[in-house]
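*Asks:* got a structure for you, letters missing:
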């Protein structure tokens, strides 16, 4: 038996804003709120423990020290890459420069708090 990723935890200065952003990006809903201000989001039909990992947006007052050593890759499920890029930018993502050459098949973006993520070219089936 092996492990699988069940949750990803993102520290955030503004958990409400980041939870709203990632909920829109992934089609997730709010699953739970903790007393410490953490907000768990995930698929509406599965919740925690389903085939897709949930995200826990956890409040922090600490400044982000540098580029994250882990980032999220996303792929569109119902449109092409360019249409999905437009949607993500309209939600508050922005282009990020991490030293790419311009020849990549993906776009490097940042969420509203500057966390880098990539929009891949491959379109995948919805979960």
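*Replies:* That came through, no problem. Fair warning: this is a prediction, and the values are worked out from it, not measured in the lab.
*Asks:* please identify which helix or strand holds the closest residue to residue 29 other than its chain neighbours.
*Replies:* Take residue 29 and drop its neighbours on the chain: the residue closest to it by CB to CB, 6 or more residues apart in numbering is residue 44, 4.5 Å away. C-beta here means a position set from N, CA and C on the backbone, and glycine is covered the same way. Take DSSP states H and E as the rule and residue 44 turns out to sit in neither a helix nor a strand.
*Asks:* what about residue 44, neighbour count?
*Replies:* For residue 44, the tally of surrounding residues (other CB atoms under 10 Å) stands at 12.
*Asks:* now it: how far from residue 24?
*Replies:* 13 Å (CB to CB, to the nearest Å).
*Asks:* quick check: phi and psi at the residue nearest the centre of the chain.
*Replies:* Residue closest to the average C-alpha location in the chain (CA atoms, centre = their mean): residue 22, at 4.9 Å. Dihedral angles of residue 22 (phi, psi; degrees, to the nearest 10) stand at phi -70, psi -30.
*Asks:* would you agree it is in contact with residue 55?
*Replies:* Yes: Residue 22 lies in contact with residue 55 (CB atoms under 8 Å); the separation is 5.6 Å.
*Asks:* quick one: common contacting residues for the two?
*Replies:* 10, 28, 41 (CB atoms under 8 Å, 6 or more residues apart in numbering).
*Asks:* for these, give me TSV that also has secondary structure, pLDDT and neighbour count.
*Replies:* Listed next are the shared contacts of residue 22 and residue 55 as TSV, based on DSSP: H, G, I helix; E, B strand; the rest coil; pLDDT from 0 to 100; neighbours: other CB atoms under 10 Å:
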residue	secondary structure	pLDDT	neighbour count
10	strand	92	20
28	coil	95	18
41	strand	97	20
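*Asks:* please report the distance of the residue nearest to the centre of the chain from residue 105.
*Replies:* Taken as CB to CB, the span from residue 22 to residue 105 is 23 Å.
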